[in-house]
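Asks: Okay, here's the prediction I keep looking at, along with the sequence it came from:
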Protein chains: 2
Amino acid sequence: MSKLQGNQALVKALAVIDAVADGHRQLKDICLVLGYPKSTVHRILQGLIEARYIREVKGIGLVLGTKVIQLGIRAQQDMPLKEIAKPYLRELSELTQETVHLGIKDEDHVFYLDKLPGQRQIQMRSQVGDRLPMSITGVGKALMLDMPKMEWKRLISSQTQQDVDAMMQRMNEYSKRDYSFDLEDNEDHVHCVAVPIRNKYGNIIAAVSVTSIKEYMPDDRMRELVPVITSYCKKISEQLN
Amino acid sequence: MSKLQGNQALVKALAVIDAVADGHRQLKDICLVLGYPKSTVHRILQGLIEARYIREVKGIGLVLGTKVIQLGIRAQQDMPLKEIAKPYLRELSELTQETVHLGIKDEDHVFYLDKLPGQRQIQMRSQVGDRLPMSITGVGKALMLDMPKMEWKRLISSQTQQDVDAMMQRMNEYSKRDYSFDLEDNEDHVHCVAVPIRNKYGNIIAAVSVTSIKEYMPDDRMRELVPVITSYCKKISEQLN
DNA sequence: AACTATAGTTTTGCATTGTGGAACGTTGAG
DNA sequence: CTCAACGTTCCACAATGCAAAACTATAGTT
């Protein structure tokens, strides 16, 4: 029941796409992972190959097809924010030398729309397309700033946090000042400063963060970065509509 | 009948995705374009939204979702060729100042895996993810070099060409010399030099082209470019496996 | 070459699922 | 307030997708 009814075929087909995306290259393999019978998966694969969502590479097996690349590009173009923000983020990355992220809210998660790697020797392993729980990232916390406290609580406690109360307190502070910090909340040694981007109605539609290892991100530098990032976010806001 | 049987639901769902990708932002609109009843499209949309293939943006409507971006990125990573070729293509683009394309065979079409825009004021409107008939592009003709003549004929005549015989003659010449030219075959004023990339077995798996307006691409320059591009393709080949 | 194992493909009867017409909600403009 | 336009839900029916099983293809082993 719970599942959406009347979409079994679709759900299965999308599961097959996911399986292939996850690196399962054989029919057998997909059947095993999904628990569907061979004939079902086979029929679905035929349809997906026909539609170029999946292609068969000799010697390798099933791989995501060119249609998926096409759609992915189209989907990115449907996010004008990304193009608008790009030059500002590049500047910010050059100015700070650090990794800059652009993220949007995606259900209860952050979705990284863009990443500028920065000039340090050491690099973050995050990448464009990553999707992480909101409360464990700097960008995510910035996206949460305007939410009601109940929502904070829900997100923080549902997303495997050490100490809910401490985080609630920090969120309180951040929301007053309109920025957020990430202090090894997700990843050891990683510190991050994030600021929201607002549309003309003042709603938060995205957030920008500057991230590095804590050795390069002492408290005072983090505080200094806030107004810098904020000014870039303002500029991006102005370009939106 | 004609279509693959037993995949109606999937075919319809993918058609809905395409409709949204093509800019149809409303249920009504999609129904009109596809000729499906409202309730059917509605149910499919529910499933696709649930799966994050499509999202609803207030004030805009239905747009491709973040899942599609994710899959698109994954699909590109499944093409290691792109990453391997990147630095060489960049160098080639800087050296020549012109637009550089990397394309692979995709059924009877070329699929542009990468595009380096070059430094000229004037730009090509092609973009990554474009899919064009093989015989009307330089990259496509390079991908055809090793095919049997029957295949040339099929592709050339099926893909709206002016003069099949003349093109066959040119292909003959190109296949002997292992490169191809595009001389306004597709687009007025556009000239293009393309060279295939081969794997260790000697099979053509991709092609690289340098493109510009004919004013920057006189005959003698095109001839000079052949060995230059060839040397870069060789380097890329060596990196494969 | 025969045998075995392992993968993919095709077939088929049946129950489930997806279908689409119609009725119902919702929203916003005049 | 009324109407129109669009989105949502409902439901009876049959076409569709399901899955077991039989079949084919390919590769590895004796």
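Replies: Thanks, I have the structure now.

Asks: Got the domain ranges for chain A?
Replies: A:8-72, A:79-239 (automatic domain parsing).

Asks: Would you convert these into a markdown table that also reports distance to DNA strand C, mean pLDDT and mean neighbour count?
Replies: Using the backbone N, CA and C atoms, a C-beta is placed for each residue, glycine as well. Output for the domains of chain A, formatted as a markdown table (distance: least, Cβ to the nearest atom of the strand, whole Å; pLDDT from 0 to 100; neighbours: other Cβ atoms under 10 Å in any protein chain shown):
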| stretch | distance to DNA strand C | mean pLDDT | mean neighbour count |
| --- | --- | --- | --- |
| domain A:8-72 | 3 | 92 | 18 |
| domain A:79-239 | 14 | 93 | 18 |
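
Asks: how about the ones you listed, which one is nearest chain B?
Replies: Nearest of the domains of chain A to chain B, taken as Cβ to the nearest Cβ: domain A:8-72 at 1.3 Å.

Asks: Turn the domains of chain A into CSV, including distance to B:Glu107.
Replies: Shown next, in CSV, are these (distance: least, Cβ to Cβ, whole Å):
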stretch, distance to B:Glu107
domain A:8-72, 8
domain A:79-239, 26
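
Asks: For the residue of chain A most remote from its centre, give its distance to A:Leu27.
Replies: Going by Cα atoms, centre = their mean, the residue of chain A most distant from its centre is A:Ser39, 35.4 Å out. Distance, A:Ser39 to A:Leu27, by Cβ to Cβ, to the nearest Å: 10 Å.

Asks: so the residue farthest from the centre of chain A is in which element?
Replies: Element membership of A:Ser39, judged by DSSP states H and E, is helix A:38-50.

Asks: which residues sit against the longest helix seen in chain A?
Replies: The helix that spans the most residues within chain A, counting by DSSP state H, is helix A:219-239. When contacts are defined by Cβ atoms under 8 Å, 6 or more residues apart in numbering or on different chains, helix A:219-239 is touched by residues A:81, A:84-85, A:88-89, A:91-92, A:95-96, A:177-179, A:181, A:191, A:193-200, A:208-210.

Asks: Which of the domains of chain A sits closest to B:Gly103?
Replies: Of all those, domain A:8-72 sits nearest to B:Gly103, with 10.8 Å by Cβ to Cβ.

Asks: Show me the helices in chain A, by range?
Replies: Under the criterion DSSP H, chain A contains helices at A:8-21, A:27-34, A:38-50, A:66-77, A:80-96, A:138-144, A:149-158, A:164-177, A:219-239.

Asks: Just send those helices back as CSV, with distance to B:Arg43 too.
Replies: Formatted as CSV, the helices of chain A follow (distance: least, Cβ to Cβ, whole Å):
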stretch, distance to B:Arg43
helix A:8-21, 9
helix A:27-34, 22
helix A:38-50, 18
helix A:66-77, 21
helix A:80-96, 30
helix A:138-144, 31
helix A:149-158, 29
helix A:164-177, 39
helix A:219-239, 38
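
Asks: To A:Tyr112, which of the ones you listed lies closest?
Replies: Closest of the helices of chain A to A:Tyr112 is helix A:138-144, at 7.5 Å (criterion: Cβ to Cβ).

Asks: Summarise which helices and strands that closest one is packed against.
Replies: Other helices and strands packing on helix A:138-144, by 3 or more Cβ pairs under 8 Å, 6 or more residues apart in numbering or on different chains; DSSP states H and E, are strand A:99-106, strand A:109-116, helix A:149-158, helix A:164-177, strand A:180-183, strand A:190-198, strand A:204-213.

Asks: Check the offset of that helix from the chain's centre.
Replies: The chain centre lies 11 Å from the centre of helix A:138-144; the measure is Cα atoms, centre = their mean, to the nearest Å.

Asks: do stretch A:140-159 as well
Replies: Centre-to-centre, stretch A:140-159 and its host chain are 16 Å apart (Cα atoms, centre = their mean).

Asks: Touching it from outside, list them.
Replies: Under Cβ under 8 Å, 6+ apart, the answer for stretch A:140-159 is A:103-105, A:108-110, A:132-136, A:164, A:167-168, A:171, A:174-175, A:178-182, A:194-196, A:203-204, A:206-209.

Asks: That one spans what distance, first to last residue?
Replies: Chord length of stretch A:140-159, first to last residue, is 12 Å (Cα to Cα, to the nearest Å).

Asks: again with stretch A:70-83
Replies: From its first residue to its last, stretch A:70-83 covers 17 Å (Cα to Cα).

Asks: is that stretch anywhere near chain B?
Replies: Yes: for stretch A:70-83, a contact with chain B is found by Cβ under 8 Å from any Cβ of the partner chain, at A:70-76, A:78-79.

Asks: For A:Gln5, give me the pLDDT.
Replies: The model reports A:Gln5 with a pLDDT of 64.

Asks: nope, A:Asn241 is what I was after
Replies: As summarised for this prediction, A:Asn241 has a pLDDT of 68.

Asks: Looking at the residues of stretch A:70-83 next to chain B, which is nearest DNA strand D?
Replies: The shortest approach to DNA strand D among those belongs to A:Asp78, at 16.8 Å (Cβ to the nearest atom of the strand).

Asks: Who does the nearest residue to the closest one once chain neighbours are set aside form a beta bridge with?
Replies: Leaving aside its chain neighbours, A:Asp78 sits nearest to B:Val63 (4.7 Å; criterion: Cβ to Cβ, 6 or more residues apart in numbering or on different chains). B:Val63 has the following beta-bridge partners by DSSP bridges: B:Arg55.

Asks: For the spatially most central residue of chain A, give its distance to A:Arg90.
Replies: The centroid of chain A falls nearest to A:Phe111 when counting by Cα atoms, centre = their mean (2.1 Å). When distance is defined by Cβ to Cβ, A:Phe111 is 20 Å away from A:Arg90.

Asks: The longest helix of chain A vs helix A:80-96, what angle?
Replies: Angle of helix A:219-239 versus helix A:80-96, following axes from the mean of the first three to the mean of the last three Cα atoms, to 10 degrees, is 150 degrees.

Asks: With only the CA atoms kept, save helix A:219-239 in CSV.
Replies: Listed next in CSV are the C-alpha coordinates belonging to helix A:219-239 (Å, rounded to 0.1, in the frame of the first residue of the first chain):
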residue,chain,number,x,y,z
ASP,A,219,37.4,31.0,14.4
ASP,A,220,38.6,34.5,13.5
ARG,A,221,38.9,33.7,9.8
MET,A,222,35.4,32.2,9.8
ARG,A,223,34.0,35.4,11.3
GLU,A,224,35.9,37.5,8.7
LEU,A,225,34.5,35.4,5.9
VAL,A,226,30.9,35.9,6.8
PRO,A,227,30.6,39.5,5.4
VAL,A,228,32.6,38.5,2.4
ILE,A,229,30.4,35.6,1.4
THR,A,230,27.3,37.6,2.3
SER,A,231,28.3,40.3,-0.1
TYR,A,232,28.6,37.8,-2.9
CYS,A,233,25.3,36.3,-2.1
LYS,A,234,23.7,39.7,-2.2
LYS,A,235,25.2,40.2,-5.7
ILE,A,236,23.8,36.9,-6.9
SER,A,237,20.4,37.8,-5.4
GLU,A,238,20.3,41.0,-7.4
GLN,A,239,20.8,39.0,-10.6
